[in-house]
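*Asks:* using only what follows, build the 3D model:
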Amino acid sequence: MSGLSGFNGHVQRLEEKAHRPPAPVDDLGRMSDEELTQYSLHLRLDKAERLGDLEAAAKWRRCLTQDKEMLVEQFLNIDELSIPHAESGQVPRVKEGHIIYSLSRVMYRHERASIERHRASLRIDDYETMFRWLDAFGG
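*Replies:* Numbers count the residues shown, from 1 in each chain. So this is what the prediction gives:
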């Protein structure tokens, strides 16, 4: 009997740690930008899990669990010299949905400036941008 109760305790701990879809919000207008971003991240994770999209679910879970400041620092510390120039013909291309991103040095400088400007209130697309670059160039 103790084996079963131990198993039940393990299941209960797993359920407590499991992702729970966010509760419906009555007034999104009262939420701060950071709260809206977090709410949107939870909604995207919930949708990916419902659709069985393991790759997207892993991405959104990563966004929710990684410390924002650490993520920004990792992105800002990418070695720019490791990123090829557009003219080199060696630029990595990343396809996300219907969009193909060319990860050139000029684009990194542009994205870096944008992240630095929005650092205090990152949006969903800022998280996507940082993970795209970190996946390609270290992180």
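
*Asks:* report the separation between His110 and Gln90.
*Replies:* 19 Å (C-beta to C-beta, to the nearest Å). From N, CA and C alone the C-beta is placed, and that goes for glycine too.

*Asks:* how about Glu116?
*Replies:* 26 Å.

*Asks:* now the helices for the protein?
*Replies:* 2-17, 33-51, 54-65, 68-76, 105-118, 124-137 (DSSP state H).

*Asks:* number of residues surrounding the nearest residue to Pro84 once chain neighbours are set aside?
*Replies:* Nearest residue to Pro84, sequence neighbours excluded (C-beta to C-beta, 6 or more residues apart in numbering): Gln90, at 4.4 Å. Using other C-beta atoms under 10 Å, Gln90 has 10 other residues around it.

*Asks:* and the pLDDT at Gln90?
*Replies:* The model reports Gln90 with a pLDDT of 89.

*Asks:* surely Gln137 is in contact with Ser104?
*Replies:* If you look again at residue 137, you'll see it is Phe, not Gln. No - counting by C-beta atoms under 8 Å, Phe137 stays clear of Ser104, with 11.3 Å between them.

*Asks:* shared neighbours of these two, anything?
*Replies:* Listed as contacting both Phe137 and Ser104 by C-beta atoms under 8 Å, 6 or more residues apart in numbering are Ile83.

*Asks:* looking at the two, which is more packed in?
*Replies:* Neighbour totals were compared for Phe137 and Ser104, and Ser104 leads with 19 against 16 (other C-beta under 10 Å).

*Asks:* how near is the residue lying closest to that one once chain neighbours are set aside to Tyr108?
*Replies:* Distance criterion C-beta to C-beta, 6+ apart; nearest residue to Ser104, sequence neighbours excluded, is Ala86 at 4.0 Å. Using C-beta to C-beta, Ala86 is found at 11 Å from Tyr108.
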